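Trainee: need a 3D model of the following:
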Amino acid sequence: MKLIIVESPAKARTISRFLGKEYAVAASYGHIRDLPGRAHEIPAKYKKESWARLGVNPDDDYQPIYVVSAESKKHVTALKKLLKDADEVLLATDEDREGEAISWHLVDELKTKLPIKRITFHEITKGAIEQALASPRTVNMQLVNAQEGRRILDRLFGYSLSPVLWKKVRSKLSAGRVQSVAVRLVVEREEERQAFHVAPYCDVEATLQSGDLVFTARLQTVDGKKLAGGKDFDPDTGLLKQPDKRLQLDDERAMVLARGAKHGVPWRVATVTRKESTQRPSPPFTTSTLQQAASGRLHMAPQRTMRVAQRLYEGVSLGSGAREGLITYMRTDSLTLSEKALAEAEQLVKEIYGDDYTGGPRRYRTKSKGAQEAHEAIRPTDVSRTPDQVAPHLDGDELALYKLIWSRTVASQMSDAKLDKTAVDFTVGVDGEELSFRSNGSIVKFPGFLKAYGDRGRDALLPDLHEGVEIGGDGNPVEIPNVEPLRHETQPPSRFTEASLIKKLEEEGIGRPSTFAPVITTIQNREYVVKKSSALLPTYVGIAVTRLLRDHFSRYVDLGFTARMEQDLDRIAAGEVDHVKFLDEFYRGKEGQNGLLRAIDEELERIDYPRIPLGEDPETGKPIVLRIGRTYYYVEVPGEEDMRATVPVDMLIDELTGEKALALIEQSSRADDPIGHHPESGQAIYAKVGPFGPYLQLGEQDGDKKPKRIGLGKGTDPSTIDFDYALKLLSLPREIGADPESGKPVRAGLGRYGPYVELNRVFASVQDVDTLFTIGLEEALERIRNKSKKPVLKELGNHPQTGAPLRVLKGRYGPYVTDGEVNATLGRDLDPEEVTMDRALVLLAEAAKRPKKVRKKATKKKTTKKKAAKKKTTKKKAVTKKKAAAKPASTDGSGA
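Mentor: Numbers count the residues shown, from 1 in each chain. Take a look at the predicted model:
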């Protein structure tokens with residue numbers, strides 16, 4: 001028997017369908033081993049070594065320690081068991097460097113004496129598998145060294161710089177060779193936006209009409225001087241870059257010119273320019289362009305795109321037991337298409353669109369220096385397999401992505417689109433000045449590749465005009481019903497989206513196809529960047545980390561340096577650079593240049609805790625800064641007593657201006673003055689702002705005992721809360737009555753997430769605070785009962801076998817699909833609206849196979865009276881000791 005080892009069980013299932021009984025296909029379930037991630041994973045014999053924390057020995061040619069994870073041990077055991085019946089091992093992991101490294105780890109860990117061969121394929125089809133089996137090879141150690149060098153490099157970078165962040169910013173932070181550069185890009189884009197000076201400018205637009213055809217013309221020049229547009233202004237000053245060559249219109253001048261142009265008829269056609277334009281198709285997809293297109297057109301996050309692409313690559317069921325991969329390998333930076341694919345595309349184009357639409361074969365080459373041209377672009381495994389043919393077998397995400405890939409592949413091999421473009425210039429005299437307006441039109445003469453997208457292009461029509469013709473007057477063919485001024489403002493550079501950040505990383509040569517999506521996910525999971533709508537904003541921690549690394553370790557987060565390292569890793573893969581020398585120069589340096597180790601030693605004592613500048617106090621001229629606390633953030637004016645305030649956790653950098661910071665400080669200073677005293681207890685009542693927003697506080701902090709606090713909700717101005725309303729709120733929670741069934745109290749209260757009613761720790765929201773004082777027992781119980789019912793997000797119909805209704809429900813930990821017996825979570829990136837019956841059945845089947853978790857019943861241990869007394873005494877001493885050492889708790893918010 002020949003044993004074929006791949007990474008995933010889905011891939012194994014697909015491949016096994018193409019092979020006979022003489023083959024067995026098993027999965028390694030990804031990487032079987034890695035550098036130790038935690039201290040307890042370090043083997044005992046290395047624990048005392050000075051370099052053990054790194055998991056790499058710099059004194060022995062950077063030899064790594066590899067450990068098999070607890071999860072992987074069972075998979076390795078299963079593979080070793082299969083080896084007993086095998087006479088040959090074929091390693092069929094992915095064809096990239098990571099796949100090559102997995103194969104090498106398998107060889108090194110399985111330690112078998114059986115013959116071992118390496119096979120690769122870029123698509124999971126019967127023909128590709130048979131071709132791979134016919135041309136085996138050995139493991140490519142140059143690719144392995146490149147991947148190992150990358151892994152060790154990332155470990156040296158992260159494990160050396162992360163402790164600096166722990167000491168100088170906040171604990172549990174991490175630095176990453178690519179992730180830190182990605183965060184820097186987001187931070188510096190935000191800095192550009194903050195430094196941007198808005199400049200107002202105007203232009204003039206005329207509406208023209210010829211019969212039923214309405215078109216527009218924009219003012220271009222006044223006495224030959226061009227009007228200023230957005231690109232003509234300096235973003236740092238808001239002033240014109242070339243005031244002698246551009247004319248900036250203000251509102252008043254634009255209005256005068258608009259009125260003069262409207263009443264200055266007739267206008268005259270000065271020039272008519274016609275030319276043919278060609279629009280060429282885009283090349284087939286690489287990993288990054290697929291992620292960008294899926295984000296823009298399908299609103300898929302990069303990680304979600306790659307998961308769906310993985311399913312299409314590893315194989316889907318096409319009915320009658322057939323299972324086949326629908327696309328080629330999806331981690332690639334190559335634009336190459338195989339000769340087979342080129343021939344299939346040409347034949348398909350002829351059949352569907354006709355001979356005039358064939359533009360090929362078109363062969364594309366990437367401009368990326370590190371591109372692996374031996375690989376292929378992402379394409380359908382069978383180009384003749386249209387989206388309509390596979391639609392019955394795919395879920396919504398799979399079909400949408402397959403259609404995107406299929407259309408792009410076919411379009412890339414079609415002829416150019418031909419457009420006829422026309423520009424008409426009109427002149428009119430206004431108060432002795434000559435104004436020139438322009439209209440642009442275009443007609444799609446031949447749609448070419450646009451047909452593959454179901455689009456022939458849009459026409460922008462103009463009437464048939466000739467030089468010297470007058471318009472706008474009585475009897476003229478074109479009327480001018482309106483001329484109006486338009487006001488504009490220059491816009492700051494757009495924030496990055498996930499797609500545009502990937503594009504930027506690729507343009508700069510940072511990262512590789514397999515790293516783009518994980519990096520975007522990592523910087524968000526670690527809260528250096530947050531997504532607001534679709535834009536990426538840096539968090540305060542992300543800004544502080546970037547400022548520290550940029551000020552003290554600029555070389556290591558420099559775009560050019562990081563790109564050159566990627567090129568060096570490519571050269572290691574090509575056998576041109578020794579990976580040990582490369583690592584040593586990075587870590588310890590070379591003649592005339594410090595390495596990372598020396599750079600940290602020299603810089604560490606010079607690093608101050610980072611402050612993020614927000615502006616200046618207009619009265620004193622002193623700086624306003626934001627500082628990173630152990631748990632929360634606060635703003636302050638250094639050197640000024642009582643000029644400090646906590647920043648609400650949901651207030652991001654786009655909202656926190658210097659003016660807003662001063663308002664927070666002012667609110668904080670007012671918060672020390674009570675708005676009154678409780679009539680019964682005499683305790684002071686304060687309106688404060690904490691990390692979770694504004695709140696009321698009754699009384700003072702007394703050691704470990706916290707005073708009563710009531711959250712006021714986001715956006716509430718504490719200064720608007722008067723004494724009577726404060727008393728009303730502090731009376732909460734209000735007992736509405738008793739539940740008739742259980743006899744337990746039903747309460748109405750105000751919490752961190754707003755107003756609620758509650759019974760036996762089951763909370764249900766109510767619409768506003770005032771409802772808390774008027775809601776009756778019956779309505780409160782109805783809301784609580786409805787809260788316990790899971791909201792139905794989508795009805796899918798009845799199960800084809802059992803007849804049970806399938807629904808997508810909203811659960812505590814996210815949406816899930818259920819048939820009443822089995823529940824299957826959808827995951828973060830699968831939209832409930834996109835779940836189909838087929839996808840639901842697959843999810844439920846997979847969930848049903850998982851072993852059910854059985855909760856162990858707690859068993860009470862018998863304790864002797866002597867042991868119990870000793871335990872009680874020890875506990876009492878510990879509590880007393882802890883109280884003596886405790887500091888007064890913070891009173892800066894309901895989350896304190």
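
Trainee: pLDDT below threshold where in the stretch 251-400 of the chain?
Mentor: 320-321, 367-374 (pLDDT under 70).

Trainee: go again with 50.
Mentor: The model of the stretch 251-400 of the chain has pLDDT under 50 over residues 369, 372-374.

Trainee: tell me where it has strands.
Mentor: Ranges of strands in the stretch 251-400 of the chain, per DSSP state E, counting those that start in this stretch, are 267-279, 316-319, 322-324.

Trainee: among those, which is nearest residue 158?
Mentor: strand 316-319 (37.1 Å; Cβ to Cβ). No exception for glycine: its C-beta is placed from N, CA and C like everyone else's.

Trainee: in its sheet, which strands sit next to the closest one, and in what direction?
Mentor: strand 322-324 (antiparallel) (DSSP bridges).

Trainee: mind jotting down where the strands sit in the stretch 501-650 of the chain?
Mentor: 529-532, 535-538, 589-590, 593-594, 611-616, 623-628, 633-636, 644-647.

Trainee: turn the strands of the stretch 251-400 of the chain into CSV, columns for distance to residue 548.
Mentor: Formatted as CSV, the strands of the stretch 251-400 of the chain follow (distance: least, Cβ to Cβ, whole Å):
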stretch, distance to residue 548
strand 267-279, 47
strand 316-319, 47
strand 322-324, 51
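
Trainee: pipe the ones you listed into a markdown table and attach mean neighbour count per row.
Mentor: What follows is the strands of the stretch 251-400 of the chain, written out as a markdown table (neighbours: other Cβ atoms under 10 Å):
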| stretch | mean neighbour count |
| --- | --- |
| strand 267-279 | 14 |
| strand 316-319 | 16 |
| strand 322-324 | 16 |
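
Trainee: returning to that earlier point: quick check: which of the strands of the stretch 501-650 of the chain is buried the most?
Mentor: Across the strands of the stretch 501-650 of the chain, averaging neighbours per residue (mean count of other Cβ atoms under 10 Å) puts strand 535-538 on top, at a mean of 23.

Trainee: packing partners for that strand?
Mentor: The criterion is 3 or more Cβ pairs under 8 Å, 6 or more residues apart in numbering; DSSP states H and E, and the helices and strands that strand 535-538 contacts are helix 179-195, strand 529-532.

Trainee: just put the ones you listed in TSV and tack on mean pLDDT and distance to residue 343.
Mentor: Below are these laid out as TSV (pLDDT from 0 to 100; distance: least, Cβ to Cβ, whole Å):
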stretch	mean pLDDT	distance to residue 343
helix 179-195	95	40
strand 529-532	94	43
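
Trainee: tell me which of those sits most buried.
Mentor: Greatest burial across these, using mean count of other Cβ under 10 Å, falls to helix 179-195, with a mean of 21.

Trainee: hey, what's the angle from it to strand 611-616? Just curious.
Mentor: Relative orientation of helix 179-195 and strand 611-616, computed by axes from the mean of the first three to the mean of the last three Cα atoms, to 10 degrees: 10 degrees.

Trainee: let me see the contact set for residue 121.
Mentor: By Cβ atoms under 8 Å, 6 or more residues apart in numbering, the residues touching residue 121 are 92, 95, 128-129, 131-132.

Trainee: out of those, who's nearest residue 155?
Mentor: Ranked by distance to residue 155 (Cβ to Cβ), the contacts of residue 121 are led by residue 95 at 24.8 Å.

Trainee: what strand or helix carries that closest one?
Mentor: Residue 95 is part of no helix or strand, with elements assigned from DSSP states H and E.

Trainee: count of neighbours near residue 534?
Mentor: A count of nearby residues for residue 534, using other Cβ atoms under 10 Å, gives 15.

Trainee: separation between it and residue 494?
Mentor: 10 Å (Cβ to Cβ, to the nearest Å).

Trainee: can you check residue 356 too?
Mentor: In terms of Cβ to Cβ, residue 356 sits 39 Å off from residue 494.

Trainee: helix or strand with the lowest mean pLDDT in this structure?
Mentor: Within the chain, judged by mean pLDDT, DSSP states H and E, the helix or strand with the poorest mean is helix 865-885; its value is a mean of 46.

Trainee: lowest pLDDT pick from the contacts of residue 121?
Mentor: Lowest-confidence member of these: residue 95, scoring 88 (pLDDT).

Trainee: quick check: closest non-adjacent residue to it.
Mentor: residue 120 (4.0 Å; Cβ to Cβ, 6 or more residues apart in numbering).

Trainee: try residue 411
Mentor: Per Cβ to Cβ, 6+ apart, closest to residue 411 is residue 452, 3.8 Å.

Trainee: show me the contacts for the one you found.
Mentor: Taking Cβ under 8 Å, 6+ apart as the criterion, residue 452 is in contact with 353, 407, 410-411, 414.

Trainee: swap the cut-off to 6 Å and go again
Mentor: Counting by Cβ atoms under 6 Å, 6 or more residues apart in numbering, residue 452 touches 407, 410-411, 414.

Trainee: also residue 533?
Mentor: No contacts exist for residue 533 under Cβ under 6 Å, 6+ apart.

Trainee: next one: it from residue 494, what distance?
Mentor: 12 Å.

Trainee: with residue 484 instead?
Mentor: For residue 484, the distance to residue 494 - Cβ to Cβ - is 28 Å.

Trainee: more crowded one of the two?
Mentor: Comparing residue 484 with residue 494 by other Cβ under 10 Å, the one with more neighbours is residue 484, at 14 against 10.

Trainee: what about the nearest residue to the more buried one once chain neighbours are set aside, how many residues nearby?
Mentor: Of all residues not flanking residue 484 in the chain, residue 258 sits nearest, at 5.5 Å (Cβ to Cβ, 6+ apart). Residues lying near residue 258 (other Cβ under 10 Å) number 24.
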